[in-house]
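> Give me a 3D structure for the following:
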Amino acid sequence: MSLSVRPYDRTEADAWDHFCIDSLQATLLHTRLFLSYHGDRFIDRSLVIEDDGKCVGLFPVALAPDNATWVMSHPGVTYGGVLHQGNLRGERMVRAMAEICRYYRSQGHTKLTYKAVPSFYHRAPAQDDLYALFRLGAVRSRCDLSCTIDLQHRLPVSDRRRRSQKRATKAGVEIVEGRQHLSALWLVLTENLASKHGVAPVHSLEEIALLADRFPHHIRCVCAHLSGQTVAGVLLFITPTAHHAQYIASGDKGYEVSALDLVFEHCVEKAGKEGRRWFDFGMSNENQGRLLNEGLFRFKSEFGGGGAVHEFYELNLSRGEYYGAD
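Below is the predicted model:
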């Protein structure tokens, strides 16, 4: 065994995405088809991990936006991490991470931020990277709490949520799906974020429409209609193991008739029917994970979900003792 790393080249985009298909933890966010929508917003520093010249792993990385001496996996997506198809387990992962650290240190970088892939996206247990980070002296720098339903062992749905679903049905709320509803959902989302938080969605309508066109089977728009108008909805990212609510939105009328309750119940049931293990509502944190929006988390958990974490780690690349794999 002779593990080594080398820089990714843009001409390898197709090979990269093909490798992701059989990776134990890759989702659409790891593909070059997704990452490339950022254009030149980030300076790529991704690596290919090889064993005697054969690709055994990928590491999507870019320079940190606010400090060119730091690298991050990955600043343009929720999570990054080392991707592999089962060939980087145990000590092999420790050695691969050590090679990664040696490489970035040789390039003058001083810190690596590692956003681990949450376990509910794994097709098989694959947290060897977390063990490797421990071995190399990484420090957990952030932890966000998501609410996730195990569709094989769903917790009881609260009476409040059941009442709200009945209210929405009685009001005449109808569930619709399709790319054609995206602009209406984005209008509801934009107005909601502006009035409540004074911010805009991370993705513009043009960006999300581009991604929806690139991933017609992995990005799904689900909306609640009342009298023919969109009053609430979610944008789902579909992965091999989970349906994830990337964006959630409701207008005043939607809140009045509890439209989101019907939307979520529809989405949860469909995820199970399509063979997924998990439905993920997303994180409910602020201030780099240090604050939890308890009301939002409670609302999500009342659909039968429990807590799952997104973990962030930092490696100080200037300290050579972090690179011993023994």
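> Show me the strands in the stretch 1-150 of the chain, by range?
3-7, 47-51, 54-59, 62-64, 67-73, 111-115, 139-150 (DSSP state E, counting those that start in this stretch).
> Look at residue 58 and say how many residues are nearby.
By the measure other Cβ atoms under 10 Å, the count of residues near residue 58 is 26. C-betas here are computed from N, CA, C, even on glycine.
> Just give the closest residue to it, not the sequence neighbours.
Ranked by Cβ to Cβ, 6 or more residues apart in numbering and with sequence neighbours excluded, the top spatial neighbour of residue 58 is residue 83, at 4.5 Å.
> Hmm, the one you found is touching residue 59, no?
Yes: counting by Cβ atoms under 8 Å, residue 83 does reach residue 59; the two are 7.3 Å apart.
> Which of the two has more residues huddled nearby?
Ranked by neighbour count (other Cβ under 10 Å), residue 83 and residue 59 place residue 59 first, with 27 against 24.
> ok so, going back, the residue nearest to residue 58 and residue 6, how far apart?
15 Å (Cβ to Cβ, to the nearest Å).
> now do residue 137
24 Å.
> More neighbours: the two, which one.
residue 137 (15 against 12).
> ok, the more buried one to residue 315 distance?
Taken as Cβ to Cβ, the span from residue 137 to residue 315 is 7 Å.
> for the residue nearest to residue 58, what are its contacts?
19, 20, 23, 24, 25, 26, 30, 57, 58, 59, 60 (Cβ atoms under 8 Å, 6 or more residues apart in numbering).
> What of residue 172?
226, 227.
> and it, how far is that from residue 229?
For residue 172, the distance to residue 229 - Cβ to Cβ - is 11 Å.
> Distance of residue 56 relative to residue 122?
17 Å.
> what do you get for residue 63?
Distance from residue 63 to residue 122, by Cβ to Cβ: 27 Å.
> Equivalent analysis for residue 145, please.
18 Å.
> In space, not sequence, find me the middle residue of this protein.
When Cα atoms, centre = their mean is applied to the chain, the residue found nearest the centroid is residue 78 (4.5 Å).
> where along the stretch 151-300 of the chain do the helices fall?
Remark: helices assigned in the stretch 151-300 of the chain by DSSP state H, counting those that start in this stretch are 159-171, 182-197, 205-214, 252-256, 259-273, 294-301.
> Can you list the neighbours in contact with the shortest one?
When contacts are taken as Cβ under 8 Å, 6+ apart, the neighbours of helix 252-256 outside the stretch itself are 188, 224, 226, 229, 231, 232, 259, 260.
> Pass me the low-pLDDT residue ranges in the chain, would you?
For the chain, applying pLDDT under 70 flags the ranges 1, 320-326.
> Could you rerun that using 90?
Low-confidence segments of the chain (pLDDT under 90): 1-2, 39-40, 192-203, 286-289, 318-326.
> which residues does residue 118 contact?
79, 146, 280, 308, 309, 310, 311.
> one more time with 7 Å
Each residue near residue 118 by Cβ atoms under 7 Å, 6 or more residues apart in numbering is listed here: 79, 146, 308, 309, 310.
> tally of neighbours for the nearest residue to the third one once chain neighbours are set aside?
Spatial nearest neighbour of residue 308, chain neighbours left out: residue 148 (4.2 Å); criterion: Cβ to Cβ, 6+ apart. A count of neighbours around residue 148, defined by other Cβ under 10 Å, yields 24.
> ditto for residue 117
With other Cβ under 10 Å as criterion, residue 117 counts 26.
> same question, residue 14
Per other Cβ under 10 Å, the neighbour tally for residue 14 reads 10.
> just residue 240 next, same as before
Neighbours of residue 240 using other Cβ under 10 Å come to 18.
> Sweet, I'm off.
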